[in-house]
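Enquirer: okay, predicted coordinates and the sequence, questions at the end:
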Amino acid sequence: MAEKTLIAKLLEDGDIPGTLIIASPVVGYADGAPKKGQFLNPFDRVIELKILNQRYVLRLPRETHGRITEVFIPNSFTPVAYGTPIARMDPRALTEVAASGAVDAAVEGEAAGGESGLISITAPSEGIFYRKPSPDSPPFVEEGSDVSSGSVLGLVEVMKCFNQITYGGIGLPERGSVVKIPVEDTSEVSFGQTLFLIKPI
């Protein structure tokens, strides 16, 4: 059964300048709560919402990154209205590379040796990952390529629909350098899998 998805509503935080409030876009019941300190990339899961006996996954909007700094709802089944605050997010906080199956030991060693602060660009959905716009074209980027906000890094195909993977978003540096591409061209990828590691420049 295909996942039903909703995109979270983002509000400017009047109490703490520079931060954002993740809010419910609908009336329903929130199931669970995000974790304080968790870093979210675009389309990452925030919580589940139940609306008229239907379950939806609430995900972060496109081009939005940040770390959860405060959670406003309990980790339980909780009624929410349109605009109910769920969590506070600081988009200025950058993720650091963590050990995972998508990152090999060499990259982890680089991070430990002073290459911390790398930005992980992840797959927005399951699908086929393409590094090139067509089989005969060069890759969008190579390891060592410099990128800026809006640069296309690759594609993920889902049922003949091609979704662009781009660099940039709230809280991210304007420019970066591709350090590692841990996934091979035309590989199957899962939601949230690391596709690119980028160092701010």
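Expert: Nice, I can see it.
Enquirer: distance from the centroid: which residue in this protein tops it?
Expert: Asp136 (29.5 Å; C-alpha atoms, centre = their mean).
Enquirer: any idea how far that residue is from Gly154?
Expert: 16 Å (C-beta to C-beta, to the nearest Å). No exception for glycine: its C-beta is placed from N, CA and C like everyone else's.
Enquirer: centroid residue for this structure?
Expert: So for the chain, C-alpha atoms, centre = their mean, it's Asn41, sitting 1.9 Å from the centre.
Enquirer: ok, that one to Gly83 distance?
Expert: From Asn41 to Gly83 the distance is 24 Å (C-beta to C-beta).
Enquirer: over to Lys36?
Expert: 21 Å.
Enquirer: what does Leu195 give?
Expert: Distance from Leu195 to Gly83, by C-beta to C-beta: 33 Å.
Enquirer: who has more neighbours out of those two?
Expert: Neighbour count, other C-beta atoms under 10 Å: between Leu195 and Gly83, Leu195 has more, with 22 against 13.
Enquirer: mind listing what's buried in the helix or strand containing the more buried one?
Expert: Assigned by DSSP states H and E, Leu195 belongs to strand 194-200. Residues of strand 194-200 classed as buried by neighbour count (16 or more other C-beta atoms under 10 Å): 194-199.
Enquirer: which elements pack onto it?
Expert: strand 119-122, strand 152-158, strand 175-180 (3 or more C-beta pairs under 8 Å, 6 or more residues apart in numbering; DSSP states H and E).
Enquirer: which of these is buried the deepest?
Expert: Of the helices and strands packed on strand 194-200, the one with the most neighbours on average (mean count of other C-beta atoms under 10 Å) is strand 119-122, at a mean of 22.
Enquirer: what is that strand packed up against?
Expert: Against strand 119-122 (3+ C-beta pairs under 8 Å, 6+ apart) you get strand 194-200.
Enquirer: change it to 10 Å
Expert: Other helices and strands packing on strand 119-122, by 3 or more C-beta pairs under 10 Å, 6 or more residues apart in numbering; DSSP states H and E, are strand 161-166, strand 175-180, strand 194-200.
Enquirer: partner strands of it and their direction?
Expert: strand 194-200 (antiparallel) (DSSP bridges).
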